[in-house]
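Trainee: just a sequence and a predicted model for now, questions to come.
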Amino acid sequence: TDFDINRMIKTTILTFEGTCSAKGLSFDLVLTGQKLYVHGDMSKIQQVLYNLIDNATKFSHNDASIKIETSIKNEKVLISVKDSGIGIPAESIKKIWDRFYKTDLSRGKDKRGTGLGLAIVKEIIQAHNEHINVISTEGVGTEFIFTLPLAKKEVQS
Ligand code: ATP
Ligand code: MG
């Protein structure tokens, strides 16, 4: 089905209001156009967004900002979730997609989770024949970027 990814981003961040006010986090949304229709499994993509934003909030320091950006490149929509949190050590970067893997930095008391979120994300993106990439620097922050097909022209408003 086709759905508006900008709208999905806006509704998904609402579910993090509690965590965000507790930690002083804010979202910086940089969205292309008003509505941006993509093609995909709506509930699965909702899960992808939720898992990425959940990580960004969990691994951010207090009072930080999380940037979520949409853009269009060659009939593809790029969705980026970028934080300025603890980052991922270079030697861990390939393993984060594995089930139950957590970096040493994320095993602290307030860093709950079983290490399944990104394995699910990867599976969903691959099932869509799309791509997801991560750019991260330990101690600086992390950005996840995934692609989705742009919906056909007549669907865009
Ligand atoms: P779950 O998602 O099951 O609640 P989790 O968040 O620990 O648990 P994943 O989402 O699969 O598991 O992420 C795996 C690991 O990758 C995390 O434990 C953390 O070490 C690292 N990681 C993922 N996203 C980030 C991020 N934005 N910043 C820093 N580290 C991250
Ligand atoms: Mg997670």
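Mentor: Structure received. Residues are numbered from 1 along each chain as shown. Ligands and ions are numbered 1, 2, ... in the order given.
Trainee: contacts for stretch 94-105?
Mentor: Stretch 94-105 is contacted by residues 59, 86-89, 92, 111, 113-116, 118-119, 122, 134, 138 when judged by Cβ atoms under 8 Å, 6 or more residues apart in numbering. Quick note: C-beta positions are derived from backbone N, CA and C, even for glycine.
Trainee: among those, which lie within helices?
Mentor: Here DSSP state H is the test, and these give 118, 119, 122 as lying in helices.
Trainee: any idea which of the residues you listed is closest to residue 144?
Mentor: Lowest distance from residue 144 to the ones in helices among the contacts of stretch 94-105 (Cβ to Cβ) belongs to residue 118, with 8.6 Å.
Trainee: based on its surroundings, how many neighbours for the closest one?
Mentor: Neighbours of residue 118 under the rule other Cβ atoms under 10 Å: 21.
Trainee: that older thread, show the buried residues in the contacts of stretch 94-105.
Mentor: 59, 86, 87, 88, 92, 115, 118, 119, 122, 134, 138 (16 or more other Cβ atoms under 10 Å).
Trainee: would you list the phi and psi of the fourth one?
Mentor: So the one you mean is residue 88. Backbone torsions for residue 88, taken as degrees, to the nearest 10, come to phi -120, psi 130.
Trainee: which residues touch the residue lying closest to it once chain neighbours are set aside?
Mentor: Once flanking residues are discounted, residue 88 sits nearest to residue 136: 4.0 Å by Cβ to Cβ, 6 or more residues apart in numbering. Counting by Cβ under 8 Å, 6+ apart, residue 136 touches 87, 88, 93, 142, 143.
Trainee: next one: residue 68
Mentor: 9, 13, 27, 28, 29, 30, 31, 53, 79, 80, 81, 82.
Trainee: contacts only, for the nearest residue to residue 59 once chain neighbours are set aside.
Mentor: Excluding the flanking residues, the one nearest residue 59 by Cβ to Cβ, 6+ apart is residue 85, at 4.1 Å. Contact partners of residue 85, counting by Cβ under 8 Å, 6+ apart, are 56, 59, 60, 61, 64, 141, 142.
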